[in-house]
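*Asks:* Sequence below, structure please.
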Amino acid sequence: MNILVLNASPKGKNSTTVHTALYLQALHPEHTFTVLPVGQRIKSYEKDFAPLRHELEKADLLLFSYPVYTFIAPYQLHRLIELIKADGVDLSGKFASQITTSKHFYDVTAHRYVEENCCDLGMKVVRGLSADMDDLLTEQGQREARNFFDQLMFSCDHGLFVTPPAKAPQREKTIYQPVLPKTAKTKDKDVVIVTNYAPEDENLQNMIGDFRAALPFESRVVNLRQFPFAGGCLGCFGCAITGKCVYKDRFDEFLRTTIQSADAFVYAFTISDHYTHSSFKCYDDRQFCNGHRTVTHGTPIAYPSAVTISTRVTCG
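*Replies:* Below is the predicted model of the structure:
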């Protein structure tokens, strides 16, 4: 079987996760493994998708390999899925599974995200392996990896895969129209609306317009698509002590002076590909430049969604 390992970790060959796939490769020379560092090459695939398309078309099985970042898959994998869907490469009928490493915190969310996107592409999904970060160093972890691969091959040989979820019924697209009158504003509080709308995303833009009209405070809009991200979080932990990101795009400064300086945050986004556009995931991952410092503790946060057209408020 031709197995394409899509290593979405930004650490490439130094990824803890991909070594589980390499371990399985060493044990199974009867299969052809091709390991691509897609996490490190994501910018190049944005410019030229053809080399990746060629590998995707040859593969019988796609094996996604990645660490869990910020409750779900890392930005690099989100962007990869967007590129695959935008290219239109036919993956229907191919098998797909995944290997992740984490501390088992929201790993189920990450797995479900990848599974549902694979189902969108018409792939045959086999449940993946969620390993702890140091499992490969233990006999039990190695045994679980071997058992996972044996079950994966059995599933592929016998056509056993996850039943795809029922597709939502098609309905005519409607554009939300602003209906709320503008209220008087005060400057007592600084409210920042962090969004990632595309120019053609009228629904979200109009919802933001109504939200700002009803808001009793002056507000600012920050569109993440306009920020020149140099790349996604590298998981290098260089920021752990200094709080300074290794990238030179000045995102850490932008985050602290433009967003985290506000008295309240509003995150506004459109649901797509079982999450939202990858620009928001890049922002979310790159917020780790704060490390585990509770810099926004107690700040009110609101989430208006362009799908449900509703708002729920939590404490951040």
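
*Asks:* the helices in the protein, which residues?
*Replies:* For the chain, helices defined by DSSP state H occupy the ranges 18-27, 38-47, 50-58, 75-87, 107-120, 139-158, 202-214, 239-242, 251-254, 278-286.

*Asks:* what's the fifth one in contact with?
*Replies:* Helix 107-120 has contacts (C-beta atoms under 8 Å, 6 or more residues apart in numbering) with 62, 64, 66, 68, 71-73, 77, 81, 85, 91, 96, 98, 100, 102, 125, 127-128, 130, 162, 164-165, 273-275. Every C-beta, even on glycine, is put in place using the N, C-alpha and C of the backbone.

*Asks:* Give me the distance between the two termini of stretch 172-185.
*Replies:* Across its full length, stretch 172-185 reaches 36 Å end to end, with C-alpha to C-alpha, to the nearest Å as the criterion.

*Asks:* List the buried residues of it.
*Replies:* Neighbour counts over stretch 172-185 (16 or more other C-beta atoms under 10 Å) mark no residue as buried.

*Asks:* List the contacts of it.
*Replies:* Under C-beta under 8 Å, 6+ apart, the answer for stretch 172-185 is 202-203, 206-207, 209-210, 213-218, 306, 309.

*Asks:* same check, this time on stretch 289-296
*Replies:* With contact meaning C-beta under 8 Å, 6+ apart, stretch 289-296 is reached by Cys239, Ala240, Gly243, Lys244, Cys245, Phe251, Asp252, Leu255, Arg256, Gln260, Phe265, Gly316.

*Asks:* circling back to that earlier point, please identify the deepest-packed of the helices of the chain.
*Replies:* Of all these, helix 278-286 carries the top mean neighbour count, a mean of 23, counting by mean count of other C-beta atoms under 10 Å.

*Asks:* That one - contacts with which helices or strands?
*Replies:* Identification of packing neighbours for helix 278-286 by 3 or more C-beta pairs under 8 Å, 6 or more residues apart in numbering; DSSP states H and E yields helix 75-87.

*Asks:* So for Gly298, what's the pLDDT?
*Replies:* Listed pLDDT for Gly298 reads 86.

*Asks:* meant to ask about Thr314, not that
*Replies:* So Thr314 comes in at 38 (pLDDT).

*Asks:* how close does the residue lying closest to Arg53 once chain neighbours are set aside get to Asp273?
*Replies:* Once flanking residues are discounted, Arg53 sits nearest to Val89: 5.0 Å by C-beta to C-beta, 6 or more residues apart in numbering. Applying C-beta to C-beta, to the nearest Å, the value for Val89 to Asp273 is 15 Å.

*Asks:* can you check Pro51 too?
*Replies:* 22 Å.

*Asks:* cool, Met153 as well?
*Replies:* 29 Å.

*Asks:* What ranges in the protein fall below the confidence cut-off?
*Replies:* Applying pLDDT under 70 to the chain flags the ranges 304-316.

*Asks:* can you list the domains in it?
*Replies:* 2-158, 186-315 (automatic domain parsing).

*Asks:* residues touching Ala213, list them.
*Replies:* Taking C-beta under 8 Å, 6+ apart, one finds Pro178, Leu180, Pro181, Lys182, Thr183 in contact with Ala213.

*Asks:* picking up where we left off before, confirm for me that the residue nearest to Arg53 is in contact with Glu55.
*Replies:* No: between Val89 and Glu55 there is no contact under C-beta atoms under 8 Å: 10.1 Å.

*Asks:* For stretch 267-282, which outside residues touch it?
*Replies:* Stretch 267-282 is contacted by residues 70, 72, 74-75, 78-79, 81-82, 85, 113, 116-117, 120, 193-198, 201, 203-204, 207-208, 211, 224-225, 227, 229, 232-233, 301-307 when judged by C-beta under 8 Å, 6+ apart.
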